[in-house]
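Q: show me the folded form of this:
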Amino acid sequence: MAEIKFEITQHIGVLSESAKGWRKELNLVSWNGREPKFDIREWAPEYAKMGKGITLSQEEIKNLQALLADK
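A: As a prediction, the model looks like this:
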């Protein structure tokens, strides 16, 4: 299995933290050298491991903001 390379280009914020120290964060992340996307996922302390997450383009994050603003 190929190694996944990532770079957190901008830390936006922490959404929650578990008792074991894993934090659900919103960041801008570049995956395998590609253009950074908004990324929501859980990270182990020191970013040693990561959980499953979701990435969103700039357009998708704007659409999400609009949907949340209507609630």
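Q: how long is stretch 2-11 end to end?
A: 25 Å (Cα to Cα, to the nearest Å).
Q: now it: buried residues?
A: Using 16 or more other Cβ atoms under 10 Å as the test for burial, stretch 2-11 gives Phe6. Yep, even glycine has a C-beta here, placed from its N, CA and C like the rest.
Q: what of stretch 41-55?
A: 41-43, 50, 55.
Q: now do stretch 38-51: everything it contacts.
A: For stretch 38-51, contacts defined as Cβ atoms under 8 Å, 6 or more residues apart in numbering pick out 8, 12, 15, 18, 21-29, 52-58, 60-61.
Q: from the residues you listed, list the buried ones, please.
A: Neighbour counting over these (16+ other Cβ under 10 Å) leaves 22-29, 55, 61 as the buried ones.
Q: in JSON lines, list these along with secondary structure.
A: Listed next are the buried ones among the contacts of stretch 38-51 as JSON lines, based on DSSP: H, G, I helix; E, B strand; the rest coil:
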{"residue": "Trp22", "secondary structure": "coil"}
{"residue": "Arg23", "secondary structure": "strand"}
{"residue": "Lys24", "secondary structure": "strand"}
{"residue": "Glu25", "secondary structure": "strand"}
{"residue": "Leu26", "secondary structure": "strand"}
{"residue": "Asn27", "secondary structure": "strand"}
{"residue": "Leu28", "secondary structure": "strand"}
{"residue": "Val29", "secondary structure": "strand"}
{"residue": "Thr55", "secondary structure": "strand"}
{"residue": "Ile61", "secondary structure": "helix"}
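Q: ok, those residues vs Ile4, which is closest?
A: Using Cβ to Cβ, Val29 comes nearest to Ile4 of the buried ones among the contacts of stretch 38-51, at 10.7 Å.
Q: all helices of this structure, in order?
A: 58-69 (DSSP state H).
Q: and Ile54, how far from Trp31?
A: Separation of Ile54 from Trp31 (Cβ to Cβ, to the nearest Å) stands at 12 Å.
Q: so which residues of the protein form strands?
A: Assigned by DSSP state E, the strands in the chain fall at 6-17, 23-31, 37-43, 50-56.
Q: centre-most residue in the protein?
A: Asp39 (2.5 Å; Cα atoms, centre = their mean).
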